[in-house]
Structures are given as C-alpha cells and as structure tokens.
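Asks: any chance you could fold what I've pasted below:
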Amino acid sequence: MSMIRTLRNLSILMLLLAVGAVGWFAWYVLTPMRSAGVSYPLAFEIERGASLKQAAGAMHDAGVLAQDWAFVLLARLLGRSADIKAGNYGLDAPVTPLQLLGKITAGDTLLARVTIIEGWTFADMRRALAAHPALRQDAARLDERELLAALGSDAERAEGLFFPDTYFFDQGSSDLAVYRRAYAAMQAHLDKEWQARQPGLPYRTPYEALIMASIIEKETGAAEERRLIASVFVNRLRLGMRLQTDPTVIYGMGEAYQGNLRRVDLQTDTPYNTYTRGGLTPTPIALPGLDSLRAALDPEASRMLYFVSKGNGRHEFSETLDAHNRAVWRYQRGGGSR
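Replies: Numbers count the residues shown, from 1 in each chain. The predicted model follows:
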C-alpha cells in the first residue's frame with residue numbers, strides 16, 4: 001500500500017508541476033516583455049539565413065527577449081520555427097512573445113532607414129532628417145531647446161548628444177522618434193564607457209568626455225590612431241597646454257569657414273578657438289562614434305604632445321617641440337599643425 005501511495009503522491013506532484021509549467025508558459029506567451037534598461041522605440045535585425053536560435057539570440061542581445069529559450073520553445077510548439085524571415089524590425093512598445101513571433105514570421109519589417117554619419121554636426125543631422133521623405137516632420141517647428149525638451153532633456157545645446165548610426169523606422173514615423181532613439185543611444189553608450197573609464201582622466205563629467213570624443217572624431221578618420229590622438233590631448237590638458245586643434249577653430253567659425261583655414265583664423269578668438277583659449281570647448285563639435293568615445297575614456301599611455309598630418313590620413317606623433325617642428329617641415333613644409 002505504501003508503494004501505491006508513493007506512486008499516487010508522485011503522480012499528483014508531477015501533475016501539479018505540469019499544470020504550473022503550463023500556467024507559467026501561458027502567462028509568458030500573453031504578457032508584454034519588458035527588459036531592464038531597454039528604451040523604446042528600438043530596432044533589431046535578423047540576418048539572412050539565421051536559424052530560430054540565432055534569431056532569438058539576436059533579439060535577446062537587442063533587449064527584446066528576456067528568455068530566448070522560451071521563445072524558441074514557443075515557435076517550435078506552434079510549428080513556426082522554419083518561418084522566421086530576415087530583415088530589420090522595429091518595436092515602438094513592448095509586445096507579447098506571441099505578437100513578436102507573428103511579426104517576424106509575417107516579415108513585418110521596417111521599410112525605411114536613415115543613417116547619421118560619425119563626425120556630422122547636429123545641423124547636418126537635422127538637415128538629413130528634415131529631407132527624409134518617409135518621416136513625419138514633427139520637429140521642424142521646434143528650435144534646438146524645444147527639441148531637446150521634447151526628448152525629455154534639460155540640455156541647452158544639442159551638439160554631440162545624438163549617436164551616429166543607422167536607424168530603421170516605419171513609413172510615416174515621427175522624426176522625433178528617430179531623435180529620441182539616437183539621443184537614448186548616445187546616453188547609454190556614454191554612460192557605459194564612463195563607468196569603465198581609466199582612472200585619473202582630466203574630465204569632471206561625462207559631458208566633458210563627450211566633448212573630447214567629438215574633437216577626436218574630427219581629428220582623424222583612422223581608427224587605429226584615435227587612442228593616441230586622445231593621449232596627446234589628455235597629456236596637454238594635464239600640463240595646462242592649449243589643445244590647439246584646427247577642427248575646433250573651424251566649428252567656431254561657423255558659416256564663415258569656406259574650406260581654407262588661415263593664420264588669421266587661428267588668431268581670431270571665439271569660444272571654440274583652442275589656440276586662443278585653454279581647456280575644452282564649451283560643447284562638443286560633432287557627433288562622435290563609439291570608437292571615439294572609447295578613445296576619450298581609454299587613451300593610449302604615451303608622452304606624446306604633438307602630431308602633424310602626413311597628408312595620407314595618418315599623423316606623425318612627437319614628444320618634443322623640436323621633433324614636432326622637424327616633422328612639420330618634413331610633411332607640410334612649414335604648414336600649421338598641433
């Protein structure tokens with residue numbers, strides 16, 4: 001009798017566990033998914049040829065799925081594991097796993113995109129979004145401060161606050177949605193890199209690091225040089241030397257810059273002229289990419305204080321003024337440089 005009672009109790013336990021599992025799975029399937037730290041709208045991509053597990057992994061990495069294994073199980077139970085379609089997808093708000101499965105099996109992909117280029121100014125970004133035919137122009141009537149307020153930001157200037165990337169969206173979406181995503185992306189990247197920064201850097205705030213990243217972005221297009229460029233500027237700040245970087249002068253000139261930087265321009269004071277003023281500029285001078293953010297917060301260890309363009313997109317770096325002057329003569333025949 002004891003064996004029968006044990007088997008009966010075991011059967012009841014297994015039944016309860018099965019009922020509980022079914023109940024949890026039903027709750028999971030019908031409950032909108034919310035991942036910590038994820039802001040909407042967001043976009044994710046399922047690459048061509050991706051398996052169900054790979055697609056679920058991509059959505060997990062994008063913050064769409066908290067449990068990718070449960071989503072895989074759902075798709076297999078419904079016989080939809082082979083129906084996943086590649087493409088770029090967007091979500092304006094959390095959805096249930098069942099809704100998400102329907103979206104990616106129906107191929108409900110985003111139909112439009114806009115690319116914000118690293119090194120663009122905020123004005124460049126505004127022009128690109130204003131000219132995009134698939135965007136609803138809700139920001140066109142807003143000035144810079146009003147636009148930032150609409151994004152929930154209390155910043156006074158927008159320069160540098162938007163992350164350069166490719167953003168996907170549905171036809172007819174508000175341009176404010178793109179601004180919001182680019183702003184949130186920059187805040188997230190900046191916060192992450194700030195938390196992992198080198199100790200002892202001469203920045204008081206993440207915003208100052210963002211300013212430095214924008215200067216690095218405009219100084220070189222060579223990714224392998226960015227950390228050394230950052231080192232030069234960090235070394236100069238520590239020694240109280242002026243940064244003396246041409247892109248800041250050009251930014252401060254605004255529309256007066258016509259493609260030729262003259263000696264008189266270097267001598268004409270503006271808030272952005274790092275030849276006439278010490279320290280960092282008042283704001284960023286461009287939209288920096290992730291490599292420049294990382295360089296600003298993890299500069300190479302060096303004693304370099306100068307660099308000059310070689311004319312091929314690369315630079316010659318020097319520790320002393322004498323060595324720098326020789327490099328200037330070699331590469332620019334007396335031209336200006338840092």
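Asks: going forward, measure contacts between C-alpha atoms and count neighbours the same way
Replies: OK.
Asks: ok, residue 261 touching residue 251?
Replies: No. Counting by Cα atoms under 8 Å, residue 261 stays clear of residue 251, with 11.2 Å between them.
Asks: what ranges do the strands span in the chain?
Replies: Secondary structure of the chain by DSSP state E: the strands cover 42-46, 87-91, 112-115, 135-136, 166-169, 173-174, 306-309, 315-318.
Asks: not counting its neighbours along the chain, what's nearest residue 281?
Replies: residue 272 (5.2 Å; Cα to Cα, 6 or more residues apart in numbering).
Asks: do residue 247 as well
Replies: residue 218 (6.3 Å).
Asks: now residue 79: phi and psi?
Replies: Backbone torsions of residue 79, given as degrees, to the nearest 10, read phi 70, psi 30.
Asks: next, the contact list for the most centrally placed residue in the chain, please.
Replies: Nearest to the mean C-alpha position of the chain, by Cα atoms, centre = their mean, lies residue 163 at 4.1 Å. The contact partners of residue 163, by Cα atoms under 8 Å, 6 or more residues apart in numbering, come to 116, 182-183, 185-186, 287-289.
Asks: TSV for these, including pLDDT and neighbour count?
Replies: Below are the contacts of residue 163 laid out as TSV (pLDDT from 0 to 100; neighbours: other Cα atoms under 10 Å):
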residue	pLDDT	neighbour count
116	97	22
182	97	20
183	97	21
185	95	19
186	97	22
287	98	31
288	97	30
289	96	23
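Asks: just the ones of those in helices?
Replies: By the criterion of DSSP state H, membership of those in helices covers 182-183, 185-186.
Asks: so which of the residues you listed comes closest to residue 150?
Replies: residue 183 (11.4 Å; Cα to Cα).
Asks: who's in contact with that closest one?
Replies: Per Cα under 8 Å, 6+ apart, neighbours of residue 183: 151, 161-163.
Asks: nearest to residue 202, of those?
Replies: Of these, the one sitting nearest to residue 202 (Cα to Cα) turns out to be residue 161, at 20.4 Å.
Asks: just give me the neighbour total for the closest one.
Replies: Neighbour count for residue 161, taken as other Cα atoms under 10 Å: 27.
Asks: how much space separates the residue nearest to residue 281 from residue 265?
Replies: Using Cα to Cα, to the nearest Å, residue 272 is found at 12 Å from residue 265.
Asks: the two: who's more crowded?
Replies: More crowded of residue 272 and residue 265, by other Cα under 10 Å: residue 272, with 24 against 19.
Asks: any chance of the ones in helices among the contacts of residue 163 in JSON lines, plus distance to residue 109?
Replies: Below are these laid out as JSON lines (distance: Cα to Cα, whole Å):
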{"residue": "182", "distance to residue 109": "20"}
{"residue": "183", "distance to residue 109": "23"}
{"residue": "185", "distance to residue 109": "21"}
{"residue": "186", "distance to residue 109": "24"}
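Asks: returning to what we had before: comparing residue 261 and residue 251, which residue is more hemmed in?
Replies: residue 251 (19 against 15).
Asks: how close does that one sit to residue 124?
Replies: 13 Å.
Asks: can you give me the helices for the stretch 51-200 of the chain?
Replies: Using DSSP state H, counting those that start in this stretch, the helices of the stretch 51-200 of the chain run over 52-61, 68-77, 97-106, 122-130, 144-150, 175-195.
Asks: put the alpha carbons of the last one into PDB.
Replies: These are the backbone C-alpha positions of helix 175-195, laid out as PDB (Å, rounded to 0.1, in the frame of the first residue of the first chain):
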ATOM      1  CA  ASP A 175      11.200  62.400 -36.800                       C
ATOM      2  CA  LEU A 176      11.000  62.800 -33.100                       C
ATOM      3  CA  ALA A 177      11.100  59.000 -32.700                       C
ATOM      4  CA  VAL A 178      14.500  58.900 -34.500                       C
ATOM      5  CA  TYR A 179      15.800  61.800 -32.400                       C
ATOM      6  CA  ARG A 180      14.700  60.000 -29.300                       C
ATOM      7  CA  ARG A 181      16.400  56.800 -30.200                       C
ATOM      8  CA  ALA A 182      19.600  58.500 -31.200                       C
ATOM      9  CA  TYR A 183      19.600  60.500 -28.000                       C
ATOM     10  CA  ALA A 184      19.000  57.500 -25.800                       C
ATOM     11  CA  ALA A 185      21.700  55.500 -27.700                       C
ATOM     12  CA  MET A 186      24.300  58.200 -27.000                       C
ATOM     13  CA  GLN A 187      23.300  58.400 -23.300                       C
ATOM     14  CA  ALA A 188      23.600  54.700 -23.000                       C
ATOM     15  CA  HIS A 189      27.000  54.400 -24.700                       C
ATOM     16  CA  LEU A 190      28.400  57.400 -22.900                       C
ATOM     17  CA  ASP A 191      27.300  56.100 -19.500                       C
ATOM     18  CA  LYS A 192      28.700  52.600 -20.200                       C
ATOM     19  CA  GLU A 193      32.100  54.000 -21.300                       C
ATOM     20  CA  TRP A 194      32.200  56.500 -18.400                       C
ATOM     21  CA  GLN A 195      31.700  53.700 -15.900                       C
END
